[in-house]
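Q: Build me a structure from this.
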Amino acid sequence: LLLSATKVCAQHEVKPFEHLSVSVNAGTLGAGIQIAAPVNRYLSLRTGVMMFKYTYDYTYDGVIKYQEYREEVPVDMEAKANMVNGLLLADVFPFRNKRFHVTGGFYVGSSDIIKVDATAEIDPNRLIEIGDIIIKPVNGSVAAQLETNGFKPYVGIGFGSSVTKQKRVGFKFELGAMFHGSPKIAITKGIDVTEEIDREMSSKLSDFNKFLKDFYVYPVLNFQLNFRTF
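A: Below is the predicted model of the structure:
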């Protein structure tokens, strides 16, 4: 019995980095590729990159007001999502079946995750109302972006393994939280305003950024299909 137990334990031993797997991923952080390797029977490490890029063009009906004068002006707007993150994560498997795991680590990537550009053909001396904000665009254009932190700690839980020892192909599901800090909107281009309009716009942006500050956690849902190379 002692010899059998010793043999079984030896069969379950895992040497550091004796296996390597490559995986394709899809989820709320976009699509990406990861590389994973075991450190021991309870711990594996993985690194890779996740990318979410999307462009959406639309037209907004802006309003020009001057005393009794009112005119609707089409404002061409382009919104771009640009989330590119590298990652370094550790999966801890507390149980023998190596299916359930707890994950910790961090993402590092772009901080300007959404950009919006707006262009309108208007008189340069006119003010235009876009939503609740009145602006005087320089050369008819204005740009803003949504910013977060570049360094983003992460914790999560999952089911499945990034490195399958018995099979060449495996599947993993993961749910977690990425802490990217308090988001804020920043004006980046093309606003020429009077002092009064400047105070009003700054106040509205400040109020909206106060509303955004509590959204410091980005929910992460990830599906992974991995292939063991050796």
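
Q: Could you confirm residue 209 falls within a strand?
A: No: using DSSP: H, G, I helix; E, B strand; the rest coil, the secondary structure at residue 209 is helix, not a strand.

Q: State the distance from residue 101 to residue 175.
A: Distance, residue 101 to residue 175, using C-beta to C-beta, to the nearest Å: 11 Å. Where you see a C-beta, it was placed from the backbone N, CA and C, and this is true even at glycine.

Q: Comparing the two, which residue is more hemmed in?
A: With neighbours defined as other C-beta atoms under 10 Å, residue 101 and residue 175 compare such that residue 101 has more, 23 against 15.

Q: Which secondary structure state is assigned to the more buried one?
A: Applying three-state DSSP: residue 101 is strand.

Q: Ok, residue 215 next?
A: Once three-state DSSP is applied, residue 215 turns out coil.

Q: what's the pLDDT at it?
A: On the pLDDT scale, residue 215 is placed at 94.

Q: Tell me which residues touch the closest residue in space to it that isn't next to it in sequence, please.
A: Closest residue in space to residue 215, ignoring its immediate chain neighbours: residue 183 at 5.8 Å, by C-beta to C-beta, 6 or more residues apart in numbering. The contact partners of residue 183, by C-beta atoms under 8 Å, 6 or more residues apart in numbering, come to 146, 147, 148, 209, 212, 213, 215, 216.

Q: What of residue 223?
A: Residues in contact with residue 223, defined by C-beta under 8 Å, 6+ apart, are 25, 26, 27, 171, 172, 173, 174.
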